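Q: Sequence first, then the predicted structure, then my questions.
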Amino acid sequence: MRKLTMAEALREALIEEMTRDPRVFLIGEDLRAGVPFGVTKGLAELFGEDRVLDTPISEAAIIGASLGAAITGMRPVADMHFADFVTCAMDEVVNQIAKVRYMFGGQVDVPLTLRMPTGSVKGAAAHHSQSLEAWFVHTPGLHVVFPSTPADAKGLLKTSIRGLDPVLFFEHKRLYKMSGEVPEEEVLIPLGQADVKRPGSDVTVIATGWMVHQALDAADRLSQDGIEAEVVDPRCLAPFDKAALFASVRKTTRVVIVEEAARTGAFGAQVAAWIVEEIFDALDAPVRRVAARDVPMPFSPPLEEYVLPQVRDIVDAVRQVVG
Amino acid sequence: MRKLTMAEALREALIEEMTRDPRVFLIGEDLRAGVPFGVTKGLAELFGEDRVLDTPISEAAIIGASLGAAITGMRPVADMHFADFVTCAMDEVVNQIAKVRYMFGGQVDVPLTLRMPTGSVKGAAAHHSQSLEAWFVHTPGLHVVFPSTPADAKGLLKTSIRGLDPVLFFEHKRLYKMSGEVPEEEVLIPLGQADVKRPGSDVTVIATGWMVHQALDAADRLSQDGIEAEVVDPRCLAPFDKAALFASVRKTTRVVIVEEAARTGAFGAQVAAWIVEEIFDALDAPVRRVAARDVPMPFSPPLEEYVLPQVRDIVDAVRQVVG
Amino acid sequence: MSISAEKQRELLRSMIRIRAFEERVRDLFAAGRLPGFVHLSIGQEGVAAGASSALRSDDYVLSTHRGHGHMVAKGADTARMMAELFAKRTGSCKGKGGSMHIADASVGVLGANGVVAGGLSIAAGVGLSIKQRRSGQVCLCFFGDGAANRGPFHEALNLAVIWKLPVVFVCENNGWASSTAHRYACAVPDVAVRAAGYGLRGVIVNGMDTLEVYGAVREAVERARAGGGPAFIEAKVVRWQGHYEGDPQGYRDRAEIADGKSRDPIERLGTKLAGEGACGTEQIAEMHRAAQEEMDRAVAFGESSPLPAPEEALEDLFAAQQ
Amino acid sequence: MSISAEKQRELLRSMIRIRAFEERVRDLFAAGRLPGFVHLSIGQEGVAAGASSALRSDDYVLSTHRGHGHMVAKGADTARMMAELFAKRTGSCKGKGGSMHIADASVGVLGANGVVAGGLSIAAGVGLSIKQRRSGQVCLCFFGDGAANRGPFHEALNLAVIWKLPVVFVCENNGWASSTAHRYACAVPDVAVRAAGYGLRGVIVNGMDTLEVYGAVREAVERARAGGGPAFIEAKVVRWQGHYEGDPQGYRDRAEIADGKSRDPIERLGTKLAGEGACGTEQIAEMHRAAQEEMDRAVAFGESSPLPAPEEALEDLFAAQQ
Ligand SMILES: Cc1ncc(C[n+]2csc(CCOP(=O)(O)OP(=O)(O)O)c2C)c(N)n1
Ligand SMILES: Cc1ncc(C[n+]2csc(CCOP(=O)(O)OP(=O)(O)O)c2C)c(N)n1
Ligand SMILES: [Mg+2]
Ligand SMILES: [Mg+2]
């Protein structure tokens, strides 16, 4: 099968959906130039500047405007530039986008996709490295998607754009250039379906985004010692595929939860809670979590590396639960 | 001992700290009139308008300005009016206040207290009822305090104001008028110390804010059936007193976690995660969580009641884990 | 600009209906019969009526926490509105929104807003959508003087101008943001001064003069519809009531309230029309009667409607059921 | 306003030091020897130098993502700055901040900022604190043309004016916010037009003319220090480099860049001073030499300093250790 980078796959998804539906348009900062991750570069030439809207640095207005467009017949795909700046539009995301449908008793649909370039990237430091997905999982009214491969990214972005509900679509910065197989034919991946990225019998490793790849690396290492990890990628944090996770845990009876966000209060805490609330008896060992240390992202490489979860941390955690 | 309402206790804390330290000042909307909860009413008459600053409706600027003042020698106590509007100053809280000390390698202290009137209050609906504390527990660099009694509120607010680090101080709207004993003499309650609000042997019920009182009600009912619940009030969510919680759980071997926030991704998920990670073997039953349903707060009373955790929900959850 | 007698009567009728609605709400709330809290627009009816009357029925409105008048003026069903305030399942928002989130998309009102200045960027987006769909609609965005000090005001205006969006921004300057005076909180005496910062003309009208409001908004709407871009109008009004019902208003001078009440937009237009013979006092009395009857029906509907069933709390979150 | 020859030489020296620092960073970054990413202020030195030279050493500065020049001009130690860019533990921020969060509180620079317009409200609060402490200081706040379209710009200016805070807002308008042109993104051609919306005079200066910048800022600083409240100055400048180092600038006309480079603030002031005999070419050459030597030392210090130990990542989060 042909290979694409995640940036190319996302771009293809945008092109296909913009071609298919004239209501789809892009809005955000520096989209025409494709700064900084290149996904939207050249799309203004293809679809016209009316459908690829560069904006002032006005996150609140951009996101609020996307909502206004979404509830009156358009299908905006907004771009947060860096997920960190969602703080500048938090009211629009949380109090408006997530709530209008409900507050108004279902009078409006909100077909809005908000692309969130997320996570650490070497030396980007405290304002350009955050993993904030947990906030939105805790915000009723939003879908939260977080793909780890080009194919998943494409299929999930297409579904998000076609849906009638708001989606926060996290794209990990370190994955834009990672390549993977992407089918030529159209694939729509439903929201809320996990994918087992590697089958295994000894332990369930559930990981998101870039950490899926770290988990796969760890699984390879563990395999050399005869430990077979099953790597589950939920792909969507909300709605979350509990059934898939639980099936894996029932089989392996052991769990390691891996994510890049700062540890305390991260999404993985909710995953642990689901397990201990709902399938406690299936567990043969404590749940282990691997996550970033609870500090802002420091600039210096050795500090950054120390703060971020490493493959060896995953390996260690697995050894603890299977040990 | 004399009794005060929580509003009176908070007011007393502000008066004492403003009297003690001329660097302490108040900043926020409608403080002089004391709208809407009355805590600051009359303080401008006592301390002058220079120390009780009414502001325009400019949450981002108010909170950003508080930071500017805090790092240059003042000790602002800012008021969010309703915790829901922290969305309008999220960048200032998360990217600036929480991070400046760290990003700057410790060059500045941030003695800043942000009062957050939180939680549901009858019929206030989606924009005036939220319980957003989990976001800030997930933000390294912030302390998160959430008292449930007038005495705790006073002692913790005083400590927060005197500290050198930023504190998000949650005050539950339903508790402002609740009265309780408050010592005449000065009491400073350290951050990070839980309080056992009711001793018991059969189950640990950990609850925050208004839910502490719901949990105490539930404990009374359960006691009639011979089930003795220990009600643990962490009082601070960050730093969190794991030792106190774990001691209780080791004793009771069963846990129910109660909070008012929307269930998925709430602080209680982290509590469950700590337990299953760190004292898994102490548990004799699945952890149960009681929280709000995952929707924005609806307006209509029967809907609101259905969404919010009720005493009977706590009773049921306890019965499940002890049953 | 000439305004037909019929249009003027329509404006008067609209204000009378708003006043009747708001007074019912005031009394019902004081009697403890409505949950939550309410912000009333009594005294400010001239802006809601004047501005909305310049719109087509398919035009849009973004409203505020003080939004009942905007809803009534745009044609929302008062019975369903009242049912919403009674928190009933027959309400405009099925009892989920209440006063602060009341909306009626069927008449283009895309919602009150519990967040001050929450509507401005949404309005810009509605304008964008209108432009993209080439639908020839216009979006009217109400906001208060207090909202003009929030950042989203700034961002939304800038966006509307650079994209030449068909949005008419109407600031209802009643001199107060809750207990905080506009003259204290705002660096400039007229919000309209700020329009120049976005390359717009800042038009100031007397919001107690409904015809002046209507005239200014009509002109702005026509220009916006013709592709001329956004407009900025500041209407000076007086808030007759407290910020919210029950507000003791200790911060406010009684003389200011009295002065405001002496400048009643309804009386003003009524007297003018009667004086010109465009509307007899009997016809005006009939308008009041009709409005009272309409509100009787609205209250009866609201009162008699069922509360939602608890489990309905789980509906309406997503279009696709999870 | 007369500016002493000595002051003019100080301005020139300041610019030369900034340029020397920035060119080192440019080259080191291009050679892959600095982690992260950097935004350089080459071409804009006149604003950093001109504005900061109007300050007392105990005055404050709030900077931006393009902040090296502001730091150097305010007196930050260039060796510790360079060490910070090298991500070393001897850096201004112990290697935790990097270019985008560089700060030196000891000389009053309260930080670059990774969030565009993040500094404006902080500056207002610094002004508030100055006023409360009656310390007679002033706060200078730099921001870009792009920042002027964000809400916090609006809120902070309004606050500074209503409280008459000693804050001088200096907009460095280089015509670009990353790849987005100011003429596209902003509803008005001059950011300074917006000052009137806060009751301020919007002063426009040629940012390539250091003396003009200095003169305007000095006047504003003096007024602010005397209790006259905030000021608003827009300096028109040219960004010589890409938005970030490595930016291919496909969006930008080569002629514009060339035109900018032909208007060098350093050359301009140097030529003037040499012409007036206020500063011989030899003296200027000596300034360049000294700056190069300073930067040699800075680079050597940065290079030779140790990286932080991994566990240092856990320090500096709170004042009170948990
Ligand atoms: C962002 C935000 N901050 C504060 C509040 C609380 N609040 C509700 S209405 C109001 C005053 C609004 O003033 P204005 O915009 O002038 O409208 P008016 O009430 O006068 O109609 C305030 C402060 C809010 N709802 N939203
Ligand atoms: C809130 C926010 N939005 C977007 C960005 C990404 N970004 C960094 S610098 C920049 C352009 C800033 O333009 P301007 O304020 O004119 O400063 P200049 O770069 O020209 O010095 C952008 C969009 C950011 N850092 N913060
Ligand atoms: Mg007002
Ligand atoms: Mg710029």
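A: Cool, got the structure. Ligands and ions are numbered 1, 2, ... in the order given.

Q: The residue of the stretch 151-300 of chain C found nearest chain D - how many residues pack around it?
A: The nearest approach of the stretch 151-300 of chain C to chain D comes at residue C:151, 1.8 Å away (CB to the nearest CB). For every residue, glycine as well, the C-beta is placed using N, CA and C. Number of residues near residue C:151 (other CB atoms under 10 Å in any protein chain shown) recorded here: 32.

Q: Residue C:281 now?
A: For residue C:281, the count of nearby residues is 11 (other CB under 10 Å).

Q: if I look at it, how far off is chain A?
A: From residue C:281 across to chain A, the span is 40 Å (CB to the nearest CB, to the nearest Å).

Q: you'd agree that residue is up against residue C:271?
A: No - contact criterion CB atoms under 8 Å: residue C:281 and residue C:271 do not qualify, at 9.6 Å.

Q: Using neighbour counts, pick out the buried residues of stretch C:305-315.
A: Of the residues in stretch C:305-315, C:305, C:307, C:308, C:310, C:312, C:313, C:314, C:315 count as buried by neighbour count, 16 or more other CB atoms under 10 Å in any protein chain shown.

Q: Please enumerate residues in contact with that stretch?
A: A:106, B:293, B:295, B:298, B:300-307, C:83, C:86-91, C:94-96 (CB atoms under 8 Å, 6 or more residues apart in numbering or on different chains).

Q: redo that, cut-off 6 Å
A: B:295, B:298, B:300, B:302, B:303, B:306, B:307, C:83, C:88, C:89, C:90, C:95 (CB atoms under 6 Å, 6 or more residues apart in numbering or on different chains).

Q: How far away from the center of its chain is that stretch?
A: 28 Å (CA atoms, centre = their mean, to the nearest Å).

Q: And for stretch A:56-65?
A: With CA atoms, centre = their mean, you get 22 Å for stretch A:56-65.

Q: Does chain D have contacts with that stretch?
A: Yes - with CB under 6 Å from any CB of the partner chain as the criterion, chain D is reached by stretch A:56-65 at A:56, A:57, A:58, A:60.

Q: Where does pLDDT dip in chain C?
A: Filtered on pLDDT under 70, chain C yields the residue ranges C:1, C:321-322.

Q: All the strands of it, residue numbers only.
A: C:60-62, C:139-144, C:167-173, C:176-177, C:180-181, C:202-206, C:231-236 (DSSP state E).

Q: and the fifth one, which strands flank it?
A: Note on strand C:180-181: by DSSP bridges, its sheet partners are strand C:176-177 (antiparallel).

Q: What of the longest one?
A: Strand C:167-173 has the following sheet partners, assigned by DSSP bridges: strand C:139-144 (parallel), strand C:231-236 (parallel).

Q: For the residue nearest the centre of chain C, which non-adjacent residue is closest in space?
A: What sits nearest the mean C-alpha location of chain C, by CA atoms, centre = their mean, is residue C:70, with 2.9 Å. For residue C:70, ignoring the flanking residues on the chain, the nearest one in space by CB to CB, 6 or more residues apart in numbering or on different chains is residue C:63 at 4.1 Å.

Q: ok, now which ones touch the one you found?
A: By CB under 6 Å, 6+ apart, residue C:63 lies in contact with C:70, C:112, C:142.

Q: between these, which is closest to ligand 3?
A: Closest approach between these and ligand 3, by CB to the ion: residue C:142, at 11.1 Å.

Q: gap between the closest residue to ligand 1 within chain A and ligand 3?
A: With CB to the nearest ligand atom as the measure, residue A:91 is the residue of chain A nearest to ligand 1, at 7.2 Å. Residue A:91 is 19 Å from ligand 3, where distance means CB to the ion, to the nearest Å.

Q: again with residue C:102
A: According to CB to the ion, residue C:102 stands 19 Å off from ligand 3.

Q: hang on, that residue packs against residue C:112?
A: Yes - counting by CB atoms under 6 Å, residue C:112 is a contact partner of residue C:102 at 4.8 Å.

Q: Which neighbours do these two have in common?
A: Common neighbours of residue C:102 and residue C:112, counting by CB under 6 Å, 6+ apart, are residue C:67.

Q: And for residue A:222, the neighbour number?
A: Count around residue A:222 with other CB under 10 Å applied: 21.

Q: Could you check the pLDDT of it?
A: We have a pLDDT of 98 for residue A:222.

Q: Please tell me how far it sits from residue A:205.
A: Residue A:222 sits 9 Å away from residue A:205, going by CB to CB, to the nearest Å.

Q: what is in contact with those two at once?
A: Common neighbours of residue A:222 and residue A:205 (CB under 6 Å, 6+ apart) are residue A:229.

Q: Report the beta-bridge partner residues of whatever residue of chain C ends up closest to ligand 1.
A: Closest approach between chain C and ligand 1, counting by CB to the nearest ligand atom: residue C:144, at 2.3 Å. Under DSSP bridges, the beta-bridge partners of residue C:144 are residue C:172.

Q: hmm, back to that, as TSV, the strands of chain C with mean neighbour count would be great.
A: Listed next are the strands of chain C as TSV, based on neighbours: other CB atoms under 10 Å in any protein chain shown:
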stretch	mean neighbour count
strand C:60-62	30
strand C:139-144	30
strand C:167-173	29
strand C:176-177	24
strand C:180-181	20
strand C:202-206	20
strand C:231-236	26
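
Q: Using TSV, lay out the ones you listed together with distance to residue C:193.
A: TSV is the format used below for these (distance: least, CB to CB, whole Å):
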stretch	distance to residue C:193
strand C:60-62	23
strand C:139-144	16
strand C:167-173	11
strand C:176-177	17
strand C:180-181	17
strand C:202-206	6
strand C:231-236	9
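
Q: For residue D:245, which of those strands is the nearest?
A: Ranking these by proximity to residue D:245 (CB to CB) places strand C:167-173 first, at 39.5 Å.

Q: got the angle between that closest one and strand C:202-206?
A: 50 degrees (axes from the mean of the first three to the mean of the last three CA atoms, to 10 degrees).
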